[in-house]
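K.L.:
here's my sequence, what's the structure:
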Amino acid sequence: MAEKSHDPWQSAMDHAVAVARKAGEMVRAALQVKDGCSPVQTKSSAVDLVTETDQEVERLIIQSVKSKFPSHRFIGEESVSSGEPCVLTTAPTWIIDPIDGTTNFVHGYPFVGVCIGFAVNQQVEWGVVYSAIEDKMYTARRGGGAFCNGRPLQVSPQTDVHRAMAATEFGSNRDPDVVDKIFSSLRKVLSLPVHGVRGAGSAALNMCAVASGAVEVYYETGIHVWDVAAASVIVTEAGGVLFDTTGGAVDLMSRRIVAANNKTIATRIIEQLDVYRPERDDHGAPDGAQDGAPQ
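P.N.:
Predicted coordinates:
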């Protein structure tokens, strides 16, 4: 690895950590406002929420990055919601979720992540997830390990699924067929049995829980690339694995993911899942995940 001063990707990561801390200050300040936080709006459904703080945090991050790295591209949750394309090219690209866990934020539930991933040649090079209320800064760089507040992270060594803790979420899709598949999968996971099933209300923080060894596996369908890009490299650099819910290679645009401490646990959970395929983030691009056993 080049020295830090001559390494543009490390410089970008250092900038992301600094701006994530500033964003976290905005999140905490908003939570001090009477009645919780800024006005709540809805996006694709009555339970898919966005606040002014989401939008302000994304503007802060993008404007800050543009001033320092003007040639870089962006995929941001609120930008995409406003009509910007969600396309991951080979160019250096910042993948931003200003508040992962907006529903938590609205209700004052203390698991809110500022997520910044960075991809080059369509591969995530580093990720920053700042749990703003907990003041936990999760970071990882490909080939450089994963850390929380500077301390190394390592996934759980557990290989017995019956002694595993799982994490998942219910998402914002209330279509009856989707809800049926979610609960069918949950019933089968619980019936393995596993020790328990938890959910932080944030895809990124669930994945960081896998990276830290607190849970063995997290699975979800319906998430977005900005929810998981930053945390994906944190999981793998902590020794974990990523798969599609079909069992194939993970495709961050497919909106399906299984993050686990090892292949053994991942395989047992994948066997329980009722797979469904939401519309891709890149709208109509070929589905990169392949059915079959994890490799």
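K.L.:
what sits up against stretch 14-33?
P.N.:
Defining contact as Cβ atoms under 8 Å, 6 or more residues apart in numbering, one finds that stretch 14-33 is touched by 37-38, 51, 53, 56-57, 60-61, 64-65, 68-69, 94, 98-99, 105, 108, 112, 114, 116, 118, 126, 128, 130, 132-133, 135, 137, 139. To be clear about C-beta, it is placed using only N, CA and C from the backbone, and glycine gets the same treatment.
K.L.:
quick one, strands of the stretch 151-295 of the chain?
P.N.:
Applying DSSP state E, counting those that start in this stretch to the stretch 151-295 of the chain gives strands spanning 151-152, 165-168, 196-198, 217-221, 241-243, 256-260.
K.L.:
how about the contacts made by residue 255?
P.N.:
221, 222, 223, 224, 225, 278, 279, 280, 281 are the contacts of residue 255 under Cβ under 8 Å, 6+ apart.
K.L.:
with mean pLDDT, distance to residue 270 and mean neighbour count as added columns, please give the strands of the stretch 151-295 of the chain in CSV.
P.N.:
As requested, the strands of the stretch 151-295 of the chain are arranged in CSV below (pLDDT from 0 to 100; distance: least, Cβ to Cβ, whole Å; neighbours: other Cβ atoms under 10 Å):
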stretch, mean pLDDT, distance to residue 270, mean neighbour count
strand 151-152, 98, 28, 9
strand 165-168, 98, 12, 23
strand 196-198, 98, 15, 14
strand 217-221, 98, 8, 27
strand 241-243, 98, 6, 23
strand 256-260, 98, 6, 28
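K.L.:
distance to residue 185 added to those strands, as TSV?
P.N.:
Converted to TSV, the strands of the stretch 151-295 of the chain look like this (distance: least, Cβ to Cβ, whole Å):
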stretch	distance to residue 185
strand 151-152	32
strand 165-168	8
strand 196-198	10
strand 217-221	8
strand 241-243	15
strand 256-260	11
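K.L.:
which of those sits closest to residue 250?
P.N.:
Closest to residue 250 of those, according to Cβ to Cβ: strand 241-243, at 4.2 Å.
K.L.:
could you pull out the helices for the stretch 101-250 of the chain?
P.N.:
For the stretch 101-250 of the chain, applying DSSP state H, counting those that start in this stretch gives helices covering 102-107, 176-190, 203-212, 225-237.
K.L.:
what's in contact with the second one?
P.N.:
Translated: helix 176-190. Contacts for helix 176-190 (Cβ under 8 Å, 6+ apart): 166, 168, 170-171, 173, 197, 219, 221-222, 269, 272-276.
K.L.:
what's the closest of the residues you listed to residue 80?
P.N.:
Distances from residue 80 to the contacts of helix 176-190, taken by Cβ to Cβ, are shortest for residue 222, at 15.1 Å.
K.L.:
my read: residue 195 touches residue 165, true?
P.N.:
Yes: using Cβ atoms under 8 Å, residue 195 makes contact with residue 165 at a distance of 5.1 Å.
K.L.:
domains for this structure, by residue range?
P.N.:
Using automatic domain parsing, the domain ranges for the chain come out as 4-152, 161-270.
K.L.:
among those, show the one with the smallest mean pLDDT.
P.N.:
Per-stretch mean pLDDT for those is lowest at domain 4-152 (a mean of 89).
K.L.:
which residue, other than its chain neighbours, is closest to residue 144?
P.N.:
Counting by Cβ to Cβ, 6 or more residues apart in numbering, residue 237 is the residue found nearest to residue 144 once chain neighbours are left out, at 6.8 Å.
K.L.:
tell me which residues touch the one you found, please.
P.N.:
140, 141, 142, 143, 144, 145, 146, 153, 211.
K.L.:
switch to 7 Å and redo it
P.N.:
Taking Cβ atoms under 7 Å, 6 or more residues apart in numbering, we find residue 237 in contact with 140, 142, 144, 145, 146.
K.L.:
ok, now residue 96?
P.N.:
58, 61, 74, 76, 77, 115, 116, 226.
K.L.:
if I look at residue 124, how far off is residue 144?
P.N.:
Going from residue 124 to residue 144 by Cβ to Cβ, to the nearest Å gives 13 Å.
K.L.:
first residue to last residue on stretch 113-130, what's the distance there?
P.N.:
5 Å (Cα to Cα, to the nearest Å).
K.L.:
what of stretch 203-221?
P.N.:
For stretch 203-221, the first-to-last residue distance is 10 Å (Cα to Cα).
K.L.:
any idea how far residue 133 is from residue 221?
P.N.:
Residue 221 is 27 Å from residue 133, by Cβ to Cβ.
K.L.:
then residue 148?
P.N.:
Going from residue 148 to residue 133 by Cβ to Cβ gives 15 Å.
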